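Asker: Compute the structure for the input listed below.
(2 chains)
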Amino acid sequence: MKSSLIIITIFCVTALSAAQIHNNSVVLPLTAAPQLLIPVAGSTPGANGTFFRSDIAMFNFASHDQMVKLRWLPGSGGTSATSTIAIKAQSGIRSADFVASILGQSGLGSILVTGVNSDGTADVTARLYVSSRVWTREPGTDGTTSQSLPAIPTSAVNMQAAALFAAGGADNPANYRVNVGIVNLDPNNMQTFAVSLPTASGSTSLFIVAVPAMSMQQIGLGSGVSSTQQINIQNVTGGATQSNSWIAYGSTVDNITGDAWSELALAGVTGQ
Amino acid sequence: MKFWVIVLFVCTPLVGADVVQPPVPAPQLLIPAAGNTAGASGTFFRSDITLVNFANHDQIVRLQWLPQGISSSASKMITLSAQGWIRSLDFVGDYLGQTGLGAIVITGITSAGDIDPTAALFATTRIWTLQPGSSATTSQTFPAVPVASINSPSAALFGVGGKGNYRENIGIVNLDPINAQTFEVGNPLSGPIPFAPLVITVPPMPMQQTLLGSGDNTFGVLELIIVNVTDSATRSNSWVAYGSTVDNFSGDAWSELAVVGAPTFCCAPIG
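Answerer: A predicted model of the protein is given here:
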């Protein structure tokens, strides 16, 4: 009954919030922006002797020195924090453990990267570029395993619903675990999401995830998720507090090697 | 699934033209690197590719294989049902019937064979291999690039290499249908890291992947600039470049698309 109500709510909320359809957009794969979101970063121990860190490179493409505010959006149970750094004109920094070394934080979270003026206001002339991956030493070897996830210009974040298509391992699904992460960029309101795994028979596994304002939440869907399983994420927050300022990602991890890959959830399509 | 996609079509707000990410479907996509090829030490690399048709009509899709180093017109047609999708662990072998390393141009077409501007295609892709001695995998992901967005006078890579034992590759896909393009790949910094500029010529419509180096901490903090130095009469901006870093011990790997319009940095970046 509860699931049915949630599904009905999903439909109603989505239908009520029909949005403008634009012409097919031309998109550039990567460029610089005044404000970026790194969806997932960390400095945190994992299973089997692993320790996950974020290798982050951050560059200032502008021809002026840039103050950059780094806001840590914590995962479950963490505390928000902000640091400010300066990056010289057309220069950059790179750290193999950015969360601990630059932010002084631990755990799992997201990072909001904002170019700011000397008075702390947003600098619209900022041109920041970030590359990011989460990595760990592979236990018992001298090598690493890692997964990368692109940084997102926050100006592009505008979601009502999203979907993942490439989760799970096709060769042997039982060997892989699947996680879904959601970052809520609404500055004031907690958002509630329904993560659903519909099947051809009509049955649906449903996970309800509440994400506090300006934080992220990663949930495990377990191992054995089919490689042809579409995963749907819908904001089911009720009333006037529902926000489109969120993104979601999927992460699939090989349970043996730690091999992993991520995908940003697909928000929508362009009409003609 | 069809219901879901219809809901997305009708109700989802869309990103603007100046938006770079999150991803959106497009009529024509480029997968910069894919393969079905043996690697070193018992590895065999294949491409795990998901291809989604977001249109509410069946879609004929042309898959054009751009093999490494040679021009080719090899292509296959498939049909995706409306709001349908496929996923293959060995897309290059299973759907294209090809081997080796290359790029793939994915085009929604009409029954007359023209580009279908109503096509709404989305792809995810990763190259994977079983890790020798285990039943598990290592892999690296590549984003698919909407072809309409490709306009590269020059580009740069920033996340190549790292503090460890890695090998670094650069790949360039030339989408000009007629003219070979010549590129210079260089490090603009006069720093302690030895890297002589490379000249790479890529024939029309293939891709070319080149090893930059291998060893400890080779390119961890470098900016690599890729400049098209083809004669102006035949120079084209229809190309993309990517960097690929592979851990020499574990096979852990990551990729990045080169950034268009990046400045040449004036001073040594901070490690």
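Asker: Strands of the stretch 101-250 of chain A, residue ranges please.
Answerer: For the stretch 101-250 of chain A, strands defined by DSSP state E, counting those that start in this stretch occupy the ranges A:107-116, A:128-137, A:144-148, A:152-153, A:161-164, A:176-184, A:191-198, A:204-211, A:215-223, A:231-235, A:246-254.
Asker: Need those strands in CSV (columns: mean neighbour count and mean pLDDT).
Answerer: Yep, even glycine has a C-beta here, placed from its N, CA and C like the rest. Formatted as CSV, the strands of the stretch 101-250 of chain A follow (neighbours: other Cβ atoms under 10 Å in any protein chain shown; pLDDT from 0 to 100):
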stretch, mean neighbour count, mean pLDDT
strand A:107-116, 23, 97
strand A:128-137, 23, 91
strand A:144-148, 24, 87
strand A:152-153, 22, 91
strand A:161-164, 26, 91
strand A:176-184, 24, 96
strand A:191-198, 21, 94
strand A:204-211, 17, 93
strand A:215-223, 19, 95
strand A:231-235, 25, 94
strand A:246-254, 25, 93
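Asker: which stretch among the ones you listed comes nearest residue B:243?
Answerer: Distance to residue B:243, taken as Cβ to Cβ, is lowest for strand A:128-137 among the strands of the stretch 101-250 of chain A, at 9.7 Å.
Asker: Does anything pack onto that closest one? Which helices or strands?
Answerer: Packing contacts for strand A:128-137, counted by 3 or more Cβ pairs under 8 Å, 6 or more residues apart in numbering or on different chains; DSSP states H and E, involve strand A:35-45, strand A:51-60, strand A:107-116, strand A:144-148.
Asker: closest to residue A:260 out of these?
Answerer: Of all these, strand A:144-148 comes closest under Cβ to Cβ, at 3.8 Å.
Asker: contacts for the closest one?
Answerer: Applying Cβ atoms under 8 Å, 6 or more residues apart in numbering or on different chains, the contact partners of strand A:144-148 are A:55, A:131-138, A:251, A:253, A:257-262, B:138, B:141, B:159, B:164, B:247, B:249-250, B:252, B:254-256.
Asker: For the closest residue in space to residue A:245 that isn't next to it in sequence, which residues are in contact?
Answerer: Ranked by Cβ to Cβ, 6 or more residues apart in numbering or on different chains and with sequence neighbours excluded, the top spatial neighbour of residue A:245 is residue A:185, at 3.9 Å. Contact analysis of residue A:185 by Cβ under 8 Å, 6+ apart lists A:37, A:73, A:112, A:154, A:157, A:214, A:243, A:245, A:246, A:247.
Asker: The spatially closest residue to residue B:39 that is not a sequence neighbour bridge partners, please.
Answerer: In space, not counting the residues next to it along the chain, residue B:39 is nearest to residue B:45; the distance is 5.3 Å by Cβ to Cβ, 6+ apart. Note on residue B:45: beta-bridge partners residue B:37, judged by DSSP bridges.
Asker: Would you mind measuring from residue B:45 to residue B:33?
Answerer: Here residue B:45 is placed at a distance of 10 Å from residue B:33 (Cβ to Cβ, to the nearest Å).
Asker: hmm, back to that, pick out the lowest-pLDDT one from the contacts of residue A:185.
Answerer: Across the set of the contacts of residue A:185, residue A:157 stands lowest in pLDDT, at 91.
Asker: hmm, back to that, what is in contact with residue B:45 and residue B:33 at once?
Answerer: B:101, B:127.
Asker: List the residues that contact the closest residue to residue A:257 other than its chain neighbours.
Answerer: In this structure, residue A:257 finds its nearest non-sequential neighbour in residue B:136, 4.0 Å apart by Cβ to Cβ, 6+ apart. Residue B:136 sits next to A:175, A:254, A:255, A:256, A:257, A:259, B:130 when contact means Cβ under 8 Å, 6+ apart.
Asker: where does the stretch 51-200 of chain B have low pLDDT?
Answerer: B:163, B:188-196 (pLDDT under 70).
Asker: pLDDT score for the closest residue to chain B within the stretch 101-250 of chain A?
Answerer: Of all residues in the stretch 101-250 of chain A, residue A:143 sits closest to chain B, at 2.8 Å by Cβ to the nearest Cβ. Looking at residue A:143, its pLDDT stands at 82.
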